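[1] Need the 3D shape of this:
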Amino acid sequence: MFEKCREVRQWLSGFEGEWMFAGGWAIDLHIGEETRHHEDVEVAIFREDQHALYRTLKTWDLHVAKEKELKRWEGENLILPVHEIHASSQEGHHFEILLNEQNRRRWQFRRDPSITFETSRMQLQSEQGYAYLNPEIVLLYKSTHTTEKDEQDFVHVFPYLNEHQKEWLKQALMHHQPEHPWLEALLY
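    You can find the predicted model right below:
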């Protein structure tokens with residue numbers, strides 16, 4: 001279980017910055033089991049650690065998503081709206097790194113910087129020792145272009161969210177996606 005997470009931890013063992021699993025893996029780490037097949041692995045880092053990441057993955061093939069195209073990343077400074085790095089190794093391994101914003105020890109939602117979260121609480125630890133992004137933040141990201149797997153993630157993790165997590169997600173969705181169907185579950 002969580003074999004993919006173990007591999008990624010190995011690949012990032014020399015990374016000096018803070019990183020955590022994101023996306024569907026963060027949801028499953030919060031639950032404590034793999035609830036579905038994952039096509040990819042995503043990790044979150046802070047934007048200011050991008051150059052440390054570049055040094056750590058210097059033997060990897062790195063591309064950034066720019067204007068719906070993947071373009072080679074040569075270590076230049078990445079600024080918004082660029083936030084997605086694709087890493088591929090010569091051995092055929094692949095994962096994605098998502099750049100996150102922070103200001104004065106508060107994580108900022110890339111799509112609406114007025115939605116924030118205390119950085120000291122945005123990362124949780126799984127029973128297996130893996131750091132992962134708080135599930136309410138993951139769900140907020142998934143709320144913008146919600147797919148079937150995002151719906152599955154919401155249904156699976158909802159019983160594992162505490163009242164504080166549900167309240168934060170409810171407030172963030174009311175601000176960012178006031179018509180989102182997840183609000184129905186969060187309002188009761």
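[2] OK, contacts around the residue nearest the centre of the chain?
    Closest residue to the average C-alpha location of the chain: Ala22 at 2.8 Å, with Cα atoms, centre = their mean. For Ala22, the contact set (Cβ atoms under 8 Å, 6 or more residues apart in numbering) comprises 42-44, 98, 132-133, 138, 141. C-beta here means a position set from N, CA and C on the backbone, and glycine is covered the same way.
[3] Now do the same contact list for Thr144.
    Thr144 makes contacts with 111, 176-177, as judged by Cβ under 8 Å, 6+ apart.
[4] Now the element after the longest strand along the chain, going C-ward?
    As assigned by DSSP state E, the longest strand anywhere in the chain is strand 94-103. As assigned by DSSP states H and E, the chain's next helix or strand after strand 94-103 is strand 106-109.
[5] buried set for the longest helix seen in the chain?
    What stands out as the longest helix in the chain, according to DSSP state H, is helix 163-176. By neighbour count with 16 or more other Cβ atoms under 10 Å, helix 163-176 contains the buried residues 165, 168-170, 172-173, 176.
[6] where along this protein do the strands fall?
    For the chain, the strands defined by DSSP E occupy 19-21, 42-46, 61-66, 69-72, 84-88, 94-103, 106-109, 112-118, 123-125, 131-133.
[7] Strand 94-103 and the third one, what's the angle between them?
    Translated: strand 61-66. Angle, strand 61-66 to strand 94-103, by axes from the mean of the first three to the mean of the last three Cα atoms, to 10 degrees: 50 degrees.
[8] which other helices and strands contact strand 61-66?
    strand 69-72, strand 84-88 (3 or more Cβ pairs under 8 Å, 6 or more residues apart in numbering; DSSP states H and E).
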